[in-house]
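Peer 1: Quick one, what's the 3D model for this:
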Amino acid sequence: MGLQNTHNEQESQENLFEIIVSSFIGNYLSVFQQCLKYLRITKNSKSYRKLHVEANRDMQKNSFYQIL
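Peer 2: This next block holds a predicted model:
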């Protein structure tokens, strides 16, 4: 019985680790996507300052930055 509990505990810790890792990866991808959007905009547009502000606002909304 005790062995079963430690196995379940380890499994739940692994699940928690997977959730944390996947959320961080998702947040990094979101930031990377924002950076690509920003780079594409700065290359093609004269009004990049306005869009830079938008990109900053989008990134600040991102939960990854709220964690930091």
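
Peer 1: what's the distance between Asn56 and Ser22?
Peer 2: 25 Å (CB to CB, to the nearest Å). Every residue, glycine included, has its C-beta placed from N, CA and C.

Peer 1: wait, I meant Glu9
Peer 2: 21 Å.

Peer 1: Check the chain for its longest helix and report it.
Peer 2: What stands out as the longest helix in the chain, according to DSSP state H, is helix 2-44.

Peer 1: Which elements pack onto it?
Peer 2: helix 48-61, helix 63-67 (3 or more CB pairs under 8 Å, 6 or more residues apart in numbering; DSSP states H and E).

Peer 1: looking at these, which has the lowest confidence?
Peer 2: Note on those: lowest mean pLDDT is at helix 63-67, with a mean of 56.

Peer 1: Can you give me the pLDDT of Lys43?
Peer 2: 62.

Peer 1: got it, and Glu18?
Peer 2: 86.

Peer 1: now Gly2
Peer 2: Taking Gly2 on its own, its pLDDT is 48.

Peer 1: What degree of burial does Ala55 show, as a neighbour count?
Peer 2: Residues near Ala55, counting by other CB atoms under 10 Å, number 19.

Peer 1: so how far is Cys35 from it?
Peer 2: Taken as CB to CB, the span from Ala55 to Cys35 is 8 Å.

Peer 1: Kindly report the same for Gly26.
Peer 2: According to CB to CB, Gly26 and Cys35 sit 15 Å apart.

Peer 1: Next: Ile19.
Peer 2: Ile19 is 25 Å from Cys35, where distance means CB to CB.

Peer 1: Over to Ser12?
Peer 2: Counting by CB to CB - Ser12 and Cys35 are separated by 35 Å.

Peer 1: What's the local residue count around Val15?
Peer 2: One correction, residue 15 is Asn, not Val. 10.

Peer 1: Enumerate every residue touching it.
Peer 2: With contact set as CB atoms under 8 Å, 6 or more residues apart in numbering, Asn15 has no partners.
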